[in-house]
Structures are given as C-alpha cells and as structure tokens.
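Novice: Starting from these lines, generate the structure:
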Amino acid sequence: MATLTLTDKLPEPPRADFGFEIDFQRGVGPASRVFTATHDFIKACEALDDELVKSIDSSIETVLVLEDIQSGSIKTWLRNALSATEDDALKTLDWKPLVGKYLVRAKYAVIRWIDDDSAPRSLPDLRRELQRIAAETDVRHLPDYTAPSPAALVTAVRDFQAVKDRLLPGDRATLLTKEGDLEFNLSVSLPIEDIEALAVARTIENPPAEMILPVKRPDYLGESKWELRHGKRNIGAKIDDQPWLRRFQNRQVDVRPGDALRCTVRVELLYGFDNELLTERYTVLDVLEVLVNRVETLDLPYDESPDQPD
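Specialist: As a prediction, this is how the structure comes out:
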C-alpha cells in the first residue's frame with residue numbers, strides 16, 4: 001500500500017530504490033506539466049519494469065510503490081515491491097535486492113541511451129546491454145537471460161521521451177539512484193517516427209483508401225498528430241493535406257471533437273526484426289469532407305396524465 005507524505009527533510013531512502021526529481025522554473029508555463037511529467041515517468045517505469053523482469057524469471061512480478069514526495073524541487077521516491085510464485089531457482093537466493101538493483105540500472109541505461117546523440121543509436125545494442133545487466137544478477141545461475149523485446153523498448157523510449165516533452169527549456173529532470181544521478185538532456189528530442197524506425201525491419205504500405213475517422217482531439221498548432229478513432233480503436237494520424245490544414249488553422253474550417261473526417265488515408269504497417277507488428281502509421285492525404293456530429297440527446301416529453309389501469 002502506497003503512503004504519501006510531504007516534507008522538507010531528506011528521505012530515508014533505504015526503502016527507496018530510486019527517485020525522480022524535477023527542478024522547475026517557477027512562475028513559468030502551466031503548473032500541471034510538473035505533475036504530468038512525474039505521472040508519465042512513473043507509468044513509463046511500470047511498463048518497462050514489467051518487461052525487464054521477464055529477462056530474469058517469468059514468475060517475478062513487480063509493483064512500483066510510492067515512498068515519499070519532497071517539495072522545493074519535486075522529488076518522488078519510488079521502490080519496486082517484488083514478488084514471485086514458487087520457483088526452485090529463486091528459493092536458494094536472496095534475489096529481491098539483486099533484481100531491484102537491475103531494474104534501476106536498466107532504467108539508467110535506457111535514459112542514457114535516449115540522450116546520447118554522439119553516435120547513431122542502435123536498438124540491438126541497447127537490448128544486448130540490458131541483457132548483460134540482467135545476466136550480472138546471476139539470479140538463475142544460468143546464461144539464459146533474454147533481452148527485452150524490441151517493441152517493449154520502443155514503447156519505453158517513446159514514454160521517456162514524452163516525459164521530456166512535457167517540460168520546458170530551463171526545467172531540469174533527474175533520475176536519482178544510489179549509484180549516481182542521471183540528468184535528462186531536455187535538448188535532445190527523438191521524434192516518434194525516428195523511435196519507431198529503430199526497431200523496424202520491414203514496412204508494408206497499403207494503397208490509399210477512403211475512411212471516416214471520428215475526431216477525438218484536433219491538433220490546433222500543427223505540430224503533432226490528430227487523435228482520431230477508427231472503429232473502436234484510438235489512432236494518431238498526421239494530416240498531409242496542407243491547404244485544408246491551413247484553412248483549419250485559420251478558422252475557416254470548424255472541426256470539433258465528435259465530428260468526423262471523411263478522408264483519403266494511407267496506412268503503413270511496421271514490422272520488427274522478430275516479424276511482429278510494431279505499429280500502424282496513419283497519414284491523412286486528403287480531407288474530403290467534415291462530417292458534423294448530429295447525434296443529439298432527445299428529451300422525451302413528460303406525460304403528466306394519470307396512469308391508465310391495466
């Protein structure tokens with residue numbers, strides 16, 4: 001069970017495996033960015049941990065527990081609460097400190113890899129490094145530690161980049177560990193297309209087709225993808241119809257959440273080196289029509305006449 005306290009004293013981190021600190025500019029930008037970035041960091045760590053523990057033993061489960069929050073700069077201290085089903089390979093070893101240390105070292109390696117733009121990034125190299133860190137735990141006493149899947153690492157890279165994107169120039173974000181701290185390089189930004197390309201072995205492009213895509217959230221600034229819906233699935237789509245986009249941004253076209261775009265769409269299927277589908281990429285080539293949501297709640301008239309006998 002997570003406990004939350006606010007204090008100006010240093011935490012007692014014997015129970016904290018690692019922390020996340022945001023030293024934010026005061027009086028600048030939306031206040032929510034600090035808490036949203038912290039939330040996104042925790043969610044990114046949870047998703048990555050679920051994949052990382054599989055490299056050690058499929059029976060291990062981990063839950064990220066909130067230990068403390070400090071004010072001033074916002075420091076969030078976290079701990080991995082580890083458990084495992086009955087497994088003979090784990091019975092003879094105090095494995096939890098080893099696995100906890102591995103999870104922290106792996107996060108450090110992923111964030112450092114994201115921010116290192118001194119050479120071309122290699123996803124296979126990152127997978128091998130994480131596999132080596134897992135093997136150094138020697139929990140299983142066997143050389144059978146698997147590397148995290150490319151798809152999971154692409155997700156982790158995308159999630160940590162999203163944390164950086166929440167913050168403003170002049171903010172600072174740092175991973176806090178017992179073996180040393182690592183400050184995020186907020187000046188290094190990986191576009192989502194570049195992140196996905198790291199794991200792509202093959203791309204299949206479908207012929208453009210007409211679709212009707214309900215709008216969840218338009219992109220008013222023209223810097224990111226539109227949030228749309230295809231059937232019951234939420235998708236992100238880039239709009240390449242520049243003349244229509246300019247009219248929309250100049251408020252000559254009105255599009256609201258719940259409306260739909262009848263449009264010509266190109267769909268690309270991106271497959272990884274394990275031949276699994278990594279993601280689908282949607283590009284709106286032409287907006288043919290805006291379909292206004294005309295579904296309205298009908299107010300039925302209230303019948304004040306007395307009940308009729310059966």
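Novice: Pop the domain breakdown of this structure in here.
Specialist: As recorded under automatic domain parsing, the domains making up the chain are 6-196, 199-291.
Novice: Make TSV from those domains and add mean neighbour count to it.
Specialist: Bear in mind the C-beta positions are built from the backbone N, C-alpha and C, glycine included. Converted to TSV, the domains of the chain look like this (neighbours: other CB atoms under 10 Å):
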stretch	mean neighbour count
domain 6-196	17
domain 199-291	15
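Novice: which stretch in those domains is the model least sure about?
Specialist: Averaged per stretch, pLDDT over the domains of the chain is lowest on domain 6-196, reaching a mean of 86.
Novice: Give me the residues contacting stretch 17-28.
Specialist: Stretch 17-28 is contacted from outside by 11, 13, 33-34, 37-38, 41-42, 73-80, 100-101, 103-104, 107, 167-168, 170-178, using CB atoms under 8 Å, 6 or more residues apart in numbering.
Novice: Take these and keep only those in strands.
Specialist: 74-80, 172-177 (DSSP state E).
Novice: Could you dump those residues into JSON lines with distance to Arg266 added?
Specialist: Listed next are those as JSON lines, based on distance: CB to CB, whole Å:
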{"residue": "Ile74", "distance to Arg266": "42"}
{"residue": "Lys75", "distance to Arg266": "45"}
{"residue": "Thr76", "distance to Arg266": "41"}
{"residue": "Trp77", "distance to Arg266": "46"}
{"residue": "Leu78", "distance to Arg266": "41"}
{"residue": "Arg79", "distance to Arg266": "46"}
{"residue": "Asn80", "distance to Arg266": "42"}
{"residue": "Arg172", "distance to Arg266": "40"}
{"residue": "Ala173", "distance to Arg266": "36"}
{"residue": "Thr174", "distance to Arg266": "41"}
{"residue": "Leu175", "distance to Arg266": "38"}
{"residue": "Leu176", "distance to Arg266": "44"}
{"residue": "Thr177", "distance to Arg266": "44"}
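Novice: Nearest to Gln161 among those?
Specialist: Checking those against Gln161 by CB to CB gives Ala173 as the nearest, at 11.9 Å.
Novice: Excluding sequence neighbours, find me the nearest residue to the closest one.
Specialist: Phe184 (4.3 Å; CB to CB, 6 or more residues apart in numbering).
Novice: Determine how far stretch 268-276 lies from the middle of the whole chain.
Specialist: 19 Å (CA atoms, centre = their mean, to the nearest Å).
Novice: Can you tell me what sits against that stretch?
Specialist: Residues contacting stretch 268-276 (CB under 8 Å, 6+ apart): 124, 149-151, 196, 199-206, 277-281, 283.
Novice: Which of those residues fall within strands?
Specialist: Within these, residues falling in strands by DSSP E are 200-205, 277-281, 283.
Novice: Sketch out the strands for the stretch 1-150 of the chain, chain order is fine.
Specialist: 6-7, 18-23, 60-70, 74-84 (DSSP state E, counting those that start in this stretch).
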